[in-house]
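Peer 1: sequence isn't available, so here's the structure alone:
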């Protein structure tokens, strides 16, 4: 009898699991398993926002899909500071990230900013809890061919990460961004709307630099204030300042103790593969 009950419970769980998760994996993982492009998912969130934990849970799902289905879903979690007045100061929140979201709002003709908000490839915006719509947007993005390719190598010099990058195509009015993100972080909230909750964050942006790029160049990111541990990723993306479209993106895991790693794009090499000189640029710092 116990054996029959166990089998019944297992079958029920199997049905529920397939009903809940199969459409998500089928429409993204199977349809775009050999995808042409990428999906850069920006989540604007706050530890002081009671609606945000659900959106962060979904962000974790998108990252799991990327890993299990081998598709280029690249996620960034930007913490904003305009909910801090409710009694909890989000230590990951930066006014620069809030400004980035405000700029998006102006581009999308929004009346104001909100959390949680998800933006896919700089072009489509959603309330962060609208999982099905975001999933479809990710699928559309994966189905489009990249308009440029971003390759980069990095090395560590003292308390800096030095990044040598290469773009296959350059567009007017554009910026190249490089972000250091923490893969996983748990925070106990003792005040505000999420009081008493343990929030589990994914891909939290800790620092970001941006430059006006050439086809080849260099960026330097200071890591002096970051703990010298593993669990970080380096995420780069190339974006239009006019249309906000993201032309290319790439990522690599990085420990602050690791040796240099090369990141190569899946598509063709740069048109200027014979270029040898790498000019230096000064980067404007976001997230200090």
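Peer 2: It's in. For clarity, every value in this text was computed on a predicted model and none was experimentally measured.

Peer 1: where does residue 63 land in three-state SS?
Peer 2: Classification of residue 63 by DSSP: H, G, I helix; E, B strand; the rest coil places it in helix.

Peer 1: swap in the one 3 residues further on?
Peer 2: Under three-state DSSP, the three-state class of residue 66 is helix.

Peer 1: list the contacts of it.
Peer 2: 72, 73, 74, 75 (CB atoms under 8 Å, 6 or more residues apart in numbering). Placement of C-beta: from N, CA and C, glycine included.

Peer 1: residue 121: which of those residues is nearest?
Peer 2: Using CB to CB, residue 74 comes nearest to residue 121 of the contacts of residue 66, at 9.8 Å.

Peer 1: distance check, that closest one against residue 65.
Peer 2: Between residue 74 and residue 65 the computed distance is 12 Å (CB to CB, to the nearest Å).

Peer 1: next: residue 209.
Peer 2: Using CB to CB, we find residue 209 at a distance of 28 Å from residue 65.

Peer 1: and if you look at residue 165?
Peer 2: In this structure, residue 165 and residue 65 are separated by 27 Å, where distance is defined by CB to CB.

Peer 1: if you count what's nearby, which of the two comes out ahead?
Peer 2: Legend: neighbour count by other CB atoms under 10 Å for residue 165 and residue 65, higher for residue 165 (25 against 22).

Peer 1: assign that one to helix, strand or coil.
Peer 2: Residue 165 is classified as strand under three-state DSSP.

Peer 1: show me where the stretch 1-150 of the chain has helices.
Peer 2: The residue ranges that make up the helices of the stretch 1-150 of the chain, judged by DSSP state H, counting those that start in this stretch, are 2-25, 52-69, 95-107, 131-142.

Peer 1: pLDDT of the second one, averaged?
Peer 2: Mean per-residue pLDDT for helix 52-69: 96.

Peer 1: now swap in the first one and tell me
Peer 2: What helix 2-25 shows for mean pLDDT is 46.

Peer 1: compute the number of surrounding residues for residue 172.
Peer 2: Burial measure for residue 172: 7 neighbouring residues, criterion other CB under 10 Å.

Peer 1: tell me the spacing between it and residue 184.
Peer 2: Distance check for residue 172 against residue 184: by CB to CB, it reads 38 Å.

Peer 1: also residue 57?
Peer 2: 13 Å.

Peer 1: and if you look at residue 98?
Peer 2: 23 Å.

Peer 1: again, but for residue 109
Peer 2: For residue 109, the distance to residue 184 (CB to CB) stands at 35 Å.

Peer 1: can you pull out the strands in the chain?
Peer 2: With DSSP state E applied, the chain shows strands at 39-45, 73-79, 117-120, 124-127, 150-157, 160-167, 174-188, 198-211, 216-222, 232-240, 246-254, 261-263, 284-286, listed in chain order.
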